[in-house]
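Asker: The sequence isn't on hand, but the structure is:
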Ligand SMILES: [Zn+2]
């Protein structure tokens, strides 16, 4: 699959493994690349593919969040690379990398997980420009608004709006090709409110590009918000009823709106949040 112009001057390319989205926003001063995949080799593939978009230089990188599949290619764009462009990310991204992704990478290498040669080449490269609640990046003739709307898929999800294209790049806060992923460092109880805050800013007709999958509209995001809210509500209810965490998946039965196989981490972290210590 090649670059798909999902909105005016906004391109998405879906890469395997993991069907991860890399997006490009074209401005008069250059290209902003959103997310860098899982390794320097994969990032080099992006750099090669960028030639299909013309000769404009990459001037900025933005990480939607600090999961490995979105930022382990940073080293081929940021400090230490020939491009040496600024990398934008949320202020909590560096700590997230240290807490989850650095140990995860070490474990992959120790276990010889494939592609182990590629894992060995990764130099974890945190964002160089840290964004708090809000930042606007000027691409010359257009702007990219970055919003932090609260915890959800992680504690460092940036939501990007390209106002003149009526487009949003939402990282893994919304997923299309699979159910929302409650992985390392997710906040299942907070996630629905974060999406509700996003929906308050989204207009019908806006296109939302997920970190995994095809672009969606506001209606899809609203439906996914409902699923996230149902999961959070059910975790609270089962916890309140004294159902042990290990029995919650079964006790929820067919009331879970998402495949139960992926919900164990949500139940675990939800319960931990409800009974700290
Ligand atoms: Zn993710």
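Answerer: Good, I have the coordinates. Since the structure is predicted, the reported quantities are computational estimates derived from the model, not experimental observations.

Asker: So, low pLDDT: which residues of the protein?
Answerer: For the chain, applying pLDDT under 70 flags the ranges 277.

Asker: Quick check: residues of it near the ion?
Answerer: Contacts of the chain with the ion, taken as CB under 5 Å from the ion, map to 67, 172. Where you see a C-beta, it was placed from the backbone N, CA and C, and this is true even at glycine.

Asker: Residue 37 contacts residue 73, correct?
Answerer: Yes: judged on CB atoms under 8 Å, residue 37 makes contact with residue 73 at a distance of 4.5 Å.

Asker: intersection of neighbour lists for these two?
Answerer: Common neighbours of residue 37 and residue 73, counting by CB atoms under 8 Å, 6 or more residues apart in numbering, are 43, 46.

Asker: which of those two has more neighbours?
Answerer: Neighbour totals were compared for residue 37 and residue 73, and residue 73 leads with 29 against 25 (other CB atoms under 10 Å).

Asker: What ranges does the protein have for its strands?
Answerer: Ranges of strands in the chain, per DSSP state E, are 4-7, 10-15, 20-27, 30-34, 58-62, 87-90, 129-131, 134-138, 143-148, 158-162, 167-171, 207-210.

Asker: Pull the residues that contact the last one.
Answerer: Applying CB under 8 Å, 6+ apart, the contact partners of strand 207-210 are 6-7, 10, 12, 21, 23, 165-172, 174-177, 202, 215-218, 220-221.

Asker: show me what contacts the closest residue to the ion within the stretch 1-150 of the chain?
Answerer: Relative to the ion, the nearest point of the stretch 1-150 of the chain is residue 67 (3.5 Å; CB to the ion). Residues in contact with residue 67 (CB under 8 Å, 6+ apart) are 101, 154, 172, 183-184.

Asker: Tell me the one of those nearest the ion?
Answerer: Nearest to the ion among the contacts of residue 67, with distances taken as CB to the ion, is residue 172, at 3.7 Å.
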